[in-house]
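A.B. asks: got a sequence here, can you build the structure:
(3 chains)
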Amino acid sequence: MKTGTTTTRVLGIFALMITTWVVVSAFFLTPADVVQGDSVRIMYAHVPTAWIAYLAFVTTAVASGLSLTRKHRTLGFDRVAGASAEVGVLFMAMTLITGSLWGRLTWGTFWQWDPRLTTTLFLFVTYVGYLAIRRVDVDPVRRARRSSVIALLAVLEIPLVHFSVVLWRSLHQEASVLNTDGDVRLDDLMLFTLFSGVVAFTLIFVWLVVHRQRLAAMSDVERLVGLDVAITARRAESTVGGGGR
Amino acid sequence: MVGLLGHDNGLYADLTARENVEFVAQLVGAGTNDVESALDRLGIDSRVAAARAGALSAGQRRRTALAALVVRRARLWLLDEPHAGLDGQARAELDGILRDATRSGATVVYTTHESEVSGARIPRTITLSGGIVARDVDSADPS
Amino acid sequence: MNAILAIARKDLRIEWRTRTLLARVVPFALLVLVLFAVALDSEPLLLRAAAGLVWLAMLFAAMLLVQRSFDVETADHALDSLLSFVSSPSKVFFGKALSMFVQLFALAVVLLGAAVVLYGARVDGDGVVLLVTVLITATIGLSVVGTLYGVVVANMSGRDSLLPLLALPVLAPLLIGAARATEAALGSDTIDLANGWAWVALLVTYAVVFGSAGAVAFAPLAQSDS
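C.D. replies: Numbering: from 1, shown residues only, chains lettered A, B, ... in the order given. Take a look at the predicted model:
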């Protein structure tokens, strides 16, 4: 069994081509920043991963909402939600890693308790928890309902986390260690490279989610087939055993 | 209202038998009299009623769970092997309770492994074998 | 309303009989406060951190109480039977959250007392009203979120590690708000009373949001079949 189709192959090839262009442009064609030097190049990976991470969690939330409210395709939407969250957690980890590397070079520290970073970190652990609960082995319908509710609760949680962290920082009376917020003046080529990065990563995201959710569908089918086999075996047993008791 | 009794009794081990039945009564708006008559009907004496449900025997827990069903005045009773873990006398009593329930207009559906239990005065008996209906006897049906 | 009270009373009666809170959770939370003191090893630092440490200990203790609250329900599948005849599942949610609130509130009072004794925290006139308001609003938030995620992991294998993993990130805004507001109430150089009340507004919002969410989400989470 395969999870690839012509569409996903074309999608994959496009993603690969644009990624190659982004790598070449980010490392060799775009200029270094006046203030930040070469470390600005991290931006071409960091911004698209952050965008994908948030896109993934919006996708998870929407798919979970649909899974919960629709009568049909409940499991299909749930698989999309799960696949998207998995990819989202991966990209969020990359966002946090590239971000802290950039922070080390620019601010001199790996981590700053600034509102955006802190919210992202809590979002990350929230979805790690979501994936953990998805791994608990239960019947797929029950899992779909439970994980959909948890994904929607996360949507309530994130604004509250963000708001509380913003309030937390604004009330803090110690001066911020550094005032550099990392703004960079972008020329046309830099903007275009950044934009290409976002497109490339979006294609990669779609490609990964399509494959991952097909894989999940297959393992669900395998599970059902396994159940059918067990029931057939049980029936055969009872007829051989002389009609049961 | 559906009263479901599976393999588990749905009791709180740290409450007494009476408190378990009273808790159900409070939630469905039944009075103290209903609790007393249900405990009576199930033959749960005051000594048993005052014991922690977790310390009761399997049969006594079963009776407590059934008393809770009686208090709820369920219209449809779905029982999964209600006779399991009961001795001969308790089984006869259980059959009596189920008959009372049907007489008061409730519908009772239960499963059992022992064909002799499903004996007299049961309107319809369906025998399953290996997931397939082997026999369907409707005694209310004259044919 | 009667159903909510009956469910809460049932939970508290079980708690009173088994004394989980008194015999295990309170000693555990106090132990956490003592261990913090040993680990930080600095009196000014402890005084500065007192509010945050109290609420951190509250969060840990809540994880234990929530699990206990649902272990009682699932041991003999009492929750399934309860949901089959209660008029609305949200009543079960509010009933269990109410009993959780009573227990956690008692614990919070004990822990604040411990902070006064162990860390030298002081409560003066102006701070008392704020302190009581914070205790109530934050404990409500903690109770509803605890109950909500408690039913998610009820009867699940590995629930002891899953519950904190799911609930603690969600509780982060509550921890921040409760810790800062309590700090303001205890009198601090870095945050004044007015800012403390700003945090209370956040705590109230938090409790309302998750209280409503819990009332809606409890039914789909609790039903074991179909």
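A.B. asks: and stretch C:66-74, does that touch chain A?
C.D. replies: No: under the criterion of CB under 8 Å from any CB of the partner chain, stretch C:66-74 makes no contact with chain A; the nearest approach is 13.9 Å. In short, each C-beta sits where N, CA and C put it, glycine included.
A.B. asks: who in chain C is up against chain A?
C.D. replies: Taking CB under 8 Å from any CB as the criterion, the neighbours of chain A within chain C are C:148, C:152-153, C:156-158, C:162, C:165-166, C:169-170, C:172-173, C:176-177, C:180, C:190-191, C:195, C:198-199, C:202, C:205-206, C:209-210, C:213, C:217, C:220-221, C:224-225.
A.B. asks: residue ranges of the helices in the chain, please?
C.D. replies: Chain wasn't specified; assuming chain A. For chain A, the helices defined by DSSP state H occupy A:6-24, A:43-69, A:74-106, A:115-134, A:140-171, A:188-240.
A.B. asks: right idea, wrong chain: chain C
C.D. replies: When assigned using DSSP H, the helices of chain C occupy the ranges C:2-18, C:20, C:26-40, C:43-74, C:78-85, C:89-119, C:125-153, C:159-186, C:193-222.
A.B. asks: out of those, which comes closest to B:Arg63?
C.D. replies: The closest approach between B:Arg63 and any of the helices of chain C, judged by CB to CB, belongs to helix C:78-85 at 15.4 Å.
A.B. asks: which other helices and strands does the closest one contact?
C.D. replies: Of the remaining helices and strands, those touching helix C:78-85 by 3 or more CB pairs under 8 Å, 6 or more residues apart in numbering or on different chains; DSSP states H and E are strand B:2-5, helix B:17-28, helix C:43-74, helix C:89-119, helix C:193-222.
A.B. asks: I'd like the average pLDDT over that helix.
C.D. replies: For helix C:78-85, the mean per-residue pLDDT is 87.
A.B. asks: winner for burial among the helices and strands packed on helix C:78-85?
C.D. replies: helix B:17-28 (a mean of 23; mean count of other CB atoms under 10 Å in any protein chain shown).
A.B. asks: angle of that one against helix C:89-119?
C.D. replies: Regarding helix B:17-28 and helix C:89-119, their directions subtend 120 degrees when assessed with axes from the mean of the first three to the mean of the last three CA atoms, to 10 degrees.
A.B. asks: leaving out the residues flanking it, which one is nearest to A:Leu153?
C.D. replies: C:Ala213 (6.1 Å; CB to CB, 6 or more residues apart in numbering or on different chains).
A.B. asks: again with A:Asp78
C.D. replies: When the adjacent residues along the chain are set aside, A:Asp78 lies closest to A:Ala144, with 3.6 Å between them (CB to CB, 6+ apart).
A.B. asks: look up how far C:Val116 lies from the one you found.
C.D. replies: Taking CB to CB, to the nearest Å as the measure, A:Ala144 and C:Val116 are separated by 49 Å.
A.B. asks: re the thing from before, residues near the residue nearest to A:Asp78, how many?
C.D. replies: Residues within reach of A:Ala144, counting by other CB atoms under 10 Å in any protein chain shown, total 23.
A.B. asks: contacts only, for the residue nearest to C:Ser99 when sequence neighbours are not counted.
C.D. replies: Computed as CB to CB, 6+ apart, the closest residue to C:Ser99 that is not its neighbour in sequence is C:Asp11, at 3.5 Å. For C:Asp11, the contacting residues are C:Ser69, C:Val72, C:Gly95, C:Lys96, C:Ser99, C:Met100, taking CB atoms under 8 Å, 6 or more residues apart in numbering or on different chains as the criterion.
A.B. asks: then A:Thr3?
C.D. replies: When contacts are counted by CB under 8 Å, 6+ apart, A:Thr3 touches A:Val210, A:His211, A:Arg214, A:Leu215, A:Met218.
A.B. asks: can I get these in a markdown table including distance to C:Pro27, pLDDT and neighbour count?
C.D. replies: Output for the contacts of A:Thr3, formatted as a markdown table (distance: CB to CB, whole Å; pLDDT from 0 to 100; neighbours: other CB atoms under 10 Å in any protein chain shown):
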| residue | distance to C:Pro27 | pLDDT | neighbour count |
| --- | --- | --- | --- |
| A:Val210 | 53 | 91 | 19 |
| A:His211 | 51 | 90 | 18 |
| A:Arg214 | 52 | 90 | 18 |
| A:Leu215 | 48 | 90 | 14 |
| A:Met218 | 50 | 87 | 13 |
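A.B. asks: any idea how far the residue in chain A positioned nearest to chain C lies from C:Leu175?
C.D. replies: Of the residues in chain A, the one nearest chain C is A:Ser164, at a distance of 3.8 Å by CB to the nearest CB. The span separating A:Ser164 from C:Leu175 equals 9 Å under the rule CB to CB.
A.B. asks: cool, and A:Thr20?
C.D. replies: 45 Å.
A.B. asks: what of A:Val161?
C.D. replies: As for A:Val161, its distance to C:Leu175 is 10 Å (criterion: CB to CB).
A.B. asks: looking at the two, which is more packed in?
C.D. replies: In terms of neighbours (other CB under 10 Å), A:Val161 is the more surrounded of A:Val161 and C:Leu175; the figures are 25 against 19.
A.B. asks: contacts only, for C:Ile176.
C.D. replies: For C:Ile176, the residues meeting the contact criterion (CB under 8 Å, 6+ apart) are A:Ser164, A:Val165, A:Leu167, A:Trp168.
A.B. asks: centre of the chain to stretch B:59-67, how far?
C.D. replies: When distances are taken as CA atoms, centre = their mean, to the nearest Å, stretch B:59-67 is centred 8 Å away from the chain's centroid.
A.B. asks: circling back: just checking, the residue nearest to A:Leu153 touches A:Ala154?
C.D. replies: No: the criterion here is CB atoms under 8 Å, and C:Ala213 misses it with A:Ala154 at 11.0 Å.
A.B. asks: for the residue of chain B found nearest chain C, what are phi and psi?
C.D. replies: Nearest to chain C in chain B, going by CB to the nearest CB, is B:Gly10, at a distance of 3.2 Å. Torsion angles at B:Gly10 (phi, psi; degrees, to the nearest 10) stand at phi 70, psi 30.
A.B. asks: could you find the closest non-adjacent residue to it?
C.D. replies: Distances taken as CB to CB, 6+ apart put C:Ser81 closest to B:Gly10, at 3.2 Å, once the chain neighbours are dropped.
A.B. asks: what about that neighbour, neighbour count?
C.D. replies: Counted with other CB under 10 Å, the neighbours of C:Ser81 add up to 24.
A.B. asks: and stretch A:121-139, average pLDDT?
C.D. replies: Confidence over stretch A:121-139, taken as the mean pLDDT, stands at 90.
A.B. asks: an error on my part: the question was meant for stretch C:30-48.
C.D. replies: 90.
A.B. asks: just the CA trace of that stretch, in PDB.
C.D. replies: This file holds the C-alpha atoms of stretch C:30-48, laid out as PDB (Å, rounded to 0.1, in the frame of the first residue of the first chain):
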ATOM      1  CA  LEU C  30       3.400  21.400  52.800                       C
ATOM      2  CA  LEU C  31       6.400  19.200  52.000                       C
ATOM      3  CA  VAL C  32       6.600  20.900  48.600                       C
ATOM      4  CA  LEU C  33       6.800  24.300  50.400                       C
ATOM      5  CA  VAL C  34       9.500  23.000  52.700                       C
ATOM      6  CA  LEU C  35      11.500  21.600  49.900                       C
ATOM      7  CA  PHE C  36      11.300  24.900  48.000                       C
ATOM      8  CA  ALA C  37      12.700  26.600  51.100                       C
ATOM      9  CA  VAL C  38      15.600  24.200  51.300                       C
ATOM     10  CA  ALA C  39      16.300  24.400  47.500                       C
ATOM     11  CA  LEU C  40      16.300  28.200  47.400                       C
ATOM     12  CA  ASP C  41      18.200  28.600  50.600                       C
ATOM     13  CA  SER C  42      17.700  32.400  50.900                       C
ATOM     14  CA  GLU C  43      15.200  34.100  53.100                       C
ATOM     15  CA  PRO C  44      14.800  37.300  51.000                       C
ATOM     16  CA  LEU C  45      14.400  35.200  47.900                       C
ATOM     17  CA  LEU C  46      11.800  33.000  49.600                       C
ATOM     18  CA  LEU C  47       9.800  36.000  50.700                       C
ATOM     19  CA  ARG C  48       9.900  37.300  47.100                       C
END
